Each structure stands twice: as C-alpha cells, then as structure tokens.
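K.L.:
give the three-dimensional model of this entry:
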Amino acid sequence: MDTTSQATVGLQLIESGQRVTVRVPATTANLGPGYDSLGLALALHDTLTVESLDTDELVFDLRGQGADTLPRDASHLVVRAMDTAFERLGFRHGGLKITAENVNPHGRGLGSSASAVVAAVSAANAMVPAGHRRGQDWILQLTSELEGHPDNVAPAIFGGLALSWQDSDQYSSTSATVAESVIPIVAVPDYELSTEAARALLPASVGHHAAAMNSGRAALLIHALTHKPEFLLAGTEDYLHQSYRAQAMRPSAALIAALRSAGHAAVVSGAGPTVLVLADGEGKAAEALEFIASFTAANTPDVSWRVLKLAVDVEGAKVDMHRR
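P.N.:
Below is the predicted model:
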C-alpha cells in the first residue's frame, strides 16, 4: 500500500491503534413504483471491522458472501470508499486490518454495494479526530455520489423507510416509520443480475400516462406502508421498470406475477433478481411463504431459492469504536 503518493501529500495521517466496527443493514429499493426514490432497511446485516495499524500493510479478512470471488486488496470497494472518505475529510491512512463478515448476498438486488460503501464511509468518518467528523447528511452525500443514487444508501444509513430525492448534485432523504404489521419476505434466487445490466433494459423515456399512473401508486404505497397496509397490493403496482427488466430474470418475473395474482404484494427487490413480498401480518406472511415454496418447486425446478422472512431494520448503520 503506497501511503506517500502524490495524492496523499498534505493529508494528515490517522492515528494507529484504533478499531471501529460498523453493522449495516441490507436494503431493498424501488418497492415497485418508487423507482430510485424509495428504499427499505432490512434486518439482514453485514459487519465491517477496521483497525488502523502502525505498519503500511493491508490485511483483509473476508468471510461469508463473496468470500470466494471478491478481492482482498486495495481494489475492494470498501478500501476504495474508505480512501475517498479519508481524503474528503483531509486525512490518509497507513496500514489497515479489515474484517468483513458478509451475510447480504451479492448481485441479487439487496443493496450489497450500498451496504459496503455506507460501512466503509462510516468507519472512516469515525476514525478521524472528533473535531473533523461529519454527520449523517455528509455520509449520505458521499455514499450517494459513490453509488450514483441514494435509494439504497439512505435506508442503510437511517433505517426504516427512506424517501430520497436529488436536486442537481445534492442528495436528500427523510425517513418514515413502517406500520408494525408489515413483514418483508425475500426470495433470493441462485442467479445474479448486475444493476448495470438491469438499467440497460430500461427505455430512455415513458409516456405521460404511465408516469401519472406510477405517481399515484407511489403515493398510495407510502400511505400503505406507514398507515394502511391493506393497500399494499395496489400500492406496489409499477409502471416504470419491472416489465422491461422481466426478460433478464424470467423465473423471478414469473414468481412475482403468480404472487400478485394470488393477492400478495410482490415486487422486484432493487434491480433484481430477488423477489420482495410486503406482507400485512403474520397470517399473510405464512400464506406467502407457503405459496413461494409451492410455486418454485413446481415451476422453477432449475433455480434454487433462499427464502427469508425478515423485519424492518429501524436503526440503520451502527458504529462502535474502541481502542485496542
């Protein structure tokens, strides 16, 4: 690791002997009609621990999801995001020991890259001297810039239901409390779909009628999630993106269509291919779980599904810092 490059000239070196742990939730974005604006934090957590060393080495211990494929050097997203955060704060690091325990599956539409970026930036922010640390709004700006949009990073930072928007290069978000009866269920298939590939399938524009229909459903969805869950099925109807992406995830699209026909509020999670169901209460959740098991066994025998009944994470990223 080169700590004396031209890019680091004039930056202060962070103190060695620090240890920071960040616990960050998985997220599901869009939720049907809330394209690039709505996101929900899920109680499925990755943990990142960073220690500052008095040497110049990078030690990377990667466990769980992605352990067989992701790099363990400075090219890893966590290291790149930390480097950027330190630089923006006026600092640089020497050696680092990074331990990443990944539970969130990668390339499945559950915000794994957003979780990594939020964890990395939060850790870097915590490791600079107290007088130089910035608040959550700063973390939102930088992580949204790194991700390209705020819909996943916002719920990862703040927890709960995040409503996000952008004015030029300024990102903003506010959180709403989800009704206690809402239970998220995810059906995660064994195949991946990159966000870039999914976005490439979208048209450059949609008609005014489709946009108006989508606006109405997005407004209804927020009301359904926060106060009236009985409107979740109607509120999750989408007119902007899911139909265009269906060809790239046919097993997921088939499962969503079947679930919705049976009265379950099913959507693509993020860019897919994970299927998200927003169930109203334990009874509806049990019905959805049974339906998913039955349908996938009969109709997608070549796809292995990991089905999880989760909860809404209401805390967002949690930072714990202590010295060795």
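
K.L.:
would you mind listing the buried residues in stretch 97-108?
P.N.:
97-102, 104-108 (16 or more other C-beta atoms under 10 Å). Backbone N, C-alpha and C define where each C-beta goes, glycine included.

K.L.:
same check on stretch 157-172?
P.N.:
Within stretch 157-172, the residues scored as buried using 16+ other C-beta under 10 Å are 157-164, 171.

K.L.:
from those residues, which land in strands?
P.N.:
Of the positions in those, 161-164, 171 sit in strands, assigned by DSSP state E.

K.L.:
so which of the buried residues of stretch 97-108 comes closest to S215?
P.N.:
Distance to S215, by C-beta to C-beta, is smallest for R108 among those, at 28.1 Å.

K.L.:
ok, now how distant is that closest one from A187?
P.N.:
10 Å (C-beta to C-beta, to the nearest Å).

K.L.:
give the residues shared as contacts by those two.
P.N.:
Common contact partners of R108 and A187 (C-beta atoms under 8 Å, 6 or more residues apart in numbering): T274.

K.L.:
what about the helices in this structure?
P.N.:
77-89, 112-127, 136-147, 153-158, 195-200, 208-226, 232-235, 242-245, 250-261, 282-299 (DSSP state H).

K.L.:
least reliable of those going by mean pLDDT?
P.N.:
Looking at these, the lowest mean pLDDT belongs to helix 195-200 (a mean of 80).

K.L.:
which other residues reach it?
P.N.:
If you take C-beta under 8 Å, 6+ apart as the criterion, helix 195-200 is touched by 109, 113, 245, 248, 270-272.

K.L.:
now do the buried residues in that helix.
P.N.:
Quick answer for helix 195-200 (16+ other C-beta under 10 Å): 195, 198.

K.L.:
use 17 as the first number from now on
P.N.:
All right, first residue 17 from here; so that's helix 211-216.

K.L.:
please save the CA atoms from it in PDB.
P.N.:
Provided in PDB are the C-alpha atoms of helix 211-216 (Å, rounded to 0.1, in the frame of the first residue of the first chain):
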ATOM      1  CA  THR A 211     -27.600  -3.300 -11.600                       C
ATOM      2  CA  GLU A 212     -25.900  -2.000 -14.800                       C
ATOM      3  CA  ALA A 213     -27.400  -4.800 -16.900                       C
ATOM      4  CA  ALA A 214     -30.800  -4.200 -15.400                       C
ATOM      5  CA  ARG A 215     -30.700  -0.500 -16.100                       C
ATOM      6  CA  ALA A 216     -29.600  -1.100 -19.700                       C
END
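
K.L.:
centre of the chain to it, how far?
P.N.:
16 Å (C-alpha atoms, centre = their mean, to the nearest Å).

K.L.:
related to what we said a few turns ago, mind putting the helices of the chain into TSV with distance to G26?
P.N.:
Output for the helices of the chain, formatted as TSV (distance: least, C-beta to C-beta, whole Å):
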stretch	distance to G26
helix 93-105	10
helix 128-143	18
helix 152-163	20
helix 169-174	29
helix 211-216	35
helix 224-242	46
helix 248-251	51
helix 258-261	46
helix 266-277	49
helix 298-315	55
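
K.L.:
inside strands: which ones of the buried residues of stretch 113-124?
P.N.:
113-118.

K.L.:
what's the closest non-adjacent residue to G125?
P.N.:
G286 (3.5 Å; C-beta to C-beta, 6 or more residues apart in numbering).

K.L.:
quick one, what contacts the one you found?
P.N.:
43-46, 125-127, 168, 211.

K.L.:
mind listing which of the residues you listed are in strands?
P.N.:
Per DSSP E, those map to strands at 43-46.

K.L.:
show residues contacting stretch 94-103.
P.N.:
By C-beta under 8 Å, 6+ apart, the list of residues contacting stretch 94-103 reads 23-24, 27, 30, 64, 66, 74, 76, 89-90, 108-109, 112, 114, 116, 132-133, 135-137, 139-141, 143-144, 158-159, 162.

K.L.:
if we can go back for a sec, pLDDT check: weakest of the contacts of G286?
P.N.:
Among the contacts of G286, T211 has the lowest pLDDT, at 77.

K.L.:
could you check how far that one is from G127?
P.N.:
10 Å.

K.L.:
closest one of the ones in strands among the buried residues of stretch 173-188 to G82?
P.N.:
Of these, the one sitting nearest to G82 (C-beta to C-beta) turns out to be A178, at 24.4 Å.

K.L.:
for beta bridges, what are the partners of V38?
P.N.:
L64, V335 (DSSP bridges).

K.L.:
can I assume it is in contact with T63?
P.N.:
Yes: taking C-beta atoms under 8 Å as the definition, V38 is a contact partner of T63 at 7.2 Å.
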